[in-house]
Each structure stands twice: as structure tokens, then as C-alpha cells.
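please work out how this folds:
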Amino acid sequence: MINIAPTHAYPAIALSIAQYGIDSALINTSITKFHKSNILMWSMNMSQIQQRFQQMSRQLLACMAQLLTARANFYRSHYYGANDQAQK
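Predicted coordinates for the structure are as follows:
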């Protein structure tokens, strides 16, 4: 049986998200829930585990992209919008 520690599965991702102002404890909690709800180690062979892990990784990266895009859009509209108004 393979044991993947959920809180240490994506430290670089958790760190990079934390740098953008998202609470790392929230990320670890989310990863733990994601891990528990999606991987059933005792009923999957190695190939199935690898496929599931790749699918989960893609989903997590898509989530990160959405978070970072939303944050970038917020800053763009908040700061650049304010600068545009000041210049007029």
C-alpha cells in the first residue's frame, strides 16, 4: 500500500499560493479533504493510483490558475482602475 501524506503532497503549490495571500492552513485543509475524498488506496492498483493522481494534479493546477487569475484581475481593476481615474 502506498501512503501519500496529504499535508506534504504539494508543499511548493501551498507555498506559492500562500505568497499570493491565501492562507496556507486553508490550502492544507483543502488538500487533506481532497486527498481523503479522492484516493482509495486499498481498492486501487498502481496504474489506477497514478491515473487518479495525475487527474487530481490537473484539477488542483486548474484551481490554482483560477485563483491566481481572479487575484490578478482584482489587482488590475483595483490599482490600475484607480490610476486611470487619477490621470484623467
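
where does the prediction get shaky in the chain?
Residues of the chain meeting the criterion pLDDT under 70: 1-44, 81-88.

for the biggest helix by length in it, packing partners?
The residue-count maximum for a helix in the chain (DSSP state H) belongs to helix 46-75. If you count contacts as 3 or more CB pairs under 8 Å, 6 or more residues apart in numbering; DSSP states H and E, helix 46-75 packs onto helix 11-19, helix 24-38. In this view, the C-beta of every residue, glycine as well, is placed from N, C-alpha and C.

next, the buried residues of that helix.
For helix 46-75, a neighbour-count test (16 or more other CB atoms under 10 Å) marks Ile49, Met56, Leu60, Met64 as buried.

if I look at the second one, how far off is Ile49?
Which is Met56. Per CB to CB, to the nearest Å, Met56 is found 10 Å from Ile49.

and if you look at the last one?
To Ile49, Met64 is 22 Å away according to CB to CB.

swap in the third one?
The span separating Leu60 from Ile49 equals 16 Å under the rule CB to CB.
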